[in-house]
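> sequence first, then the predicted structure:
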Amino acid sequence: MNRAYSCIPEYYDYLLRHVDYERWYRYIRSVMFRYIQDPRSILEIGCGTGKFGAKFSRDDFTIFGMDISLEMLRVAKPRARRYFSVFCGDVRNFALSCTIDFIFSVHDTMNYLLTPDELRSAFASVRNIMHEKSIFMFDLTTEHNIRRFFDGKVTRHVRGKAEVVWENSYDTESKIVCSVLTIRRDEGQPEVETHRQRIYEIDDVLPLLHDAGLDVVDVFSDYTFKMPTAKTIMVNYIVRRVR
């Protein structure tokens, strides 16, 4: 097994071709302006292939994209133009030489932190790059989402001469989601990488934020401004640094 996002980056955008990134971007931007009057700097944690960074840059915002995967950053690099730049970093332990107005992390990036201590460390790292008016927005996928759409599911995607098989399983006791992606090409051995994520309930997350010196401003559901329900797919957290 290879580590997550070591083999799949060249196929990532194709696998997510159904995602309406422009609509998603408009929501993220609306959150930013809901809480910040004049944002000057933006950081995306887990920027992946750089689609959001390119959109913010297009609209004349200065944005930095951070990802732990060098392979994903190689795909993002051609999009890193104008006001968008990328760098490699680990959300559990990173630092910047300046504070950031708006920080966001979406598409279940934070679910890759497999223990409460890792999640707390990530929150503390983010707090250290915030000033008193900064906003941090992040999402966490829900158990409802995993049970309904992923557990036990296998999907196959064909692009050119390559096939990507995506298998998912969920352990209710450990709350760990395991996704195995197998890439088969005409030549050579299949490449396999595994992804592990953890499900966190809202009641798990709130004390960790408090411990890290962050205050919850709002909690929303599924990229709306509605409260979460039992059928929520993604919980959206909006937090500030404790003064």
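Structure received. Numbers count the residues shown, from 1 in each chain.
> going forward, measure contacts and count neighbours with C-alpha atoms only.
OK.
> what about the nearest residue to Leu214 once chain neighbours are set aside, how many neighbours?
Distance criterion C-alpha to C-alpha, 6 or more residues apart in numbering; nearest residue to Leu214, sequence neighbours excluded, is Arg241 at 4.6 Å. Neighbours of Arg241 under the rule other C-alpha atoms under 10 Å: 25.
> could you report the neighbour count for Leu214?
Leu214: 23 neighbours (other C-alpha under 10 Å).
> what's near enough to touch it?
123, 127, 239-242 (C-alpha atoms under 8 Å, 6 or more residues apart in numbering).
> out of those residues, who's nearest Leu208?
Phe123 (7.8 Å; C-alpha to C-alpha).
> same question for the helix or strand hosting the closest one: list its buried residues.
According to DSSP states H and E, Phe123 maps onto helix 116-127. Within helix 116-127, the residues that count as buried by 16 or more other C-alpha atoms under 10 Å are 118-127.
> try stretch 123-139
Under 16+ other C-alpha under 10 Å, the buried positions of stretch 123-139 are 123-131, 133-139.
> pull the most distant pair out of the residues you listed.
So for these, where distance means C-alpha to C-alpha, the most widely separated pair is His131 and Asp139, at 20.9 Å.
> what mean pLDDT does the helix or strand encompassing Val158 get?
Element membership for Val158, per DSSP H and E: strand 154-159. Model confidence over strand 154-159, given as mean pLDDT, is 96.
> partner strands of that strand, with direction?
Paired neighbours of strand 154-159 in the sheet (DSSP bridges): strand 162-171 (antiparallel).
> next secondary structure after the partner strand?
strand 176-184.
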